[in-house]
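Engineer: give the three-dimensional model of this entry:
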Amino acid sequence: MKVGILPVGHVPREVLLELAGALPKILPETACVVIGEPLPIPADAFVKNRNQYNASVILSHVRVYAASNAVFDRVLGVVDADVFASGLNYVFGEAYNPGRAALISLWRLKPSFYGEATCSDVYMSRVLKEAVHELGHTLGLNHCARGSCVMHFSNSIFDTDEKESLFCGQDYLQASLSINMLGLNP
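Structural biologist: From the prediction side, this is the model:
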């Protein structure tokens, strides 16, 4: 599976590169490419009274990008902005399930957001978990009841910190089958 990592707005390049290097270690038969030209954050995604961006609006723009770039089997948008989804105060990401487009937000994954000391290991662990989670959705995986599985729903940063960056055995099998059935080899 070939994954394009698409910056949406300004995203630190070192985060994108580290993510591109880490994802293939978790997702079977995956190659990642950081896309050089960022997608602008859509102006219509900003909701003034919330002072947040609508993740679904941004994700729809990532989907359009994915549809016009057949070289990638999946496109993972990465935005450094506070995002929400309908009915939720905030989200760490969103994806089409199944689909070719996913989105993660770095905003609430940063230790500094919670008044914690900056720690790049904690931060990148969170980024990786959310990226794997959302890409799992694009492969047709739903939320998992197992608290340690990367597909477990993160209701808070504590849930993200508690789960692993790996699929449980059942979800790993389903992800591998999805990749193989779709012929998504790097």
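
Engineer: please compute how far the longest helix along the chain lies from its chain's middle.
Structural biologist: Across the chain, the longest stretch assigned as helix under DSSP state H is helix 120-138. With CA atoms, centre = their mean, to the nearest Å as the basis, helix 120-138 stands 6 Å off its chain's centre.

Engineer: likewise for stretch 46-58?
Structural biologist: On CA atoms, centre = their mean, the centre of stretch 46-58 falls 17 Å from that of its chain.

Engineer: same deal with stretch 150-164?
Structural biologist: The answer for stretch 150-164 is 13 Å, by CA atoms, centre = their mean.

Engineer: helices of the chain, start to end?
Structural biologist: Using DSSP H, helices in the chain cover 13-26, 55-67, 120-138, 157-162, 169-181.

Engineer: do you know which of these lies nearest A101?
Structural biologist: Set against A101 and scored by CB to CB, the helices of the chain come closest in helix 55-67, at 4.0 Å. C-beta: built from backbone N, CA, C; applies to glycine.

Engineer: where does pLDDT dip in this protein?
Structural biologist: By pLDDT under 70, the weakly predicted segments of the chain are 182-186.

Engineer: centroid-nearest residue for it?
Structural biologist: In the chain, the C-alpha nearest the mean C-alpha coordinate belongs to A131, at 3.2 Å (CA atoms, centre = their mean).

Engineer: excluding its backbone neighbours, what's nearest that one?
Structural biologist: I104 (5.4 Å; CB to CB, 6 or more residues apart in numbering).

Engineer: was I right to think that neighbour contacts E134?
Structural biologist: Yes: counting by CB atoms under 8 Å, I104 touches E134, with 5.6 Å between them.

Engineer: who's more crowded, those two?
Structural biologist: Neighbours per residue, other CB atoms under 10 Å: of I104 and E134, the larger number sits with I104, 30 against 24.
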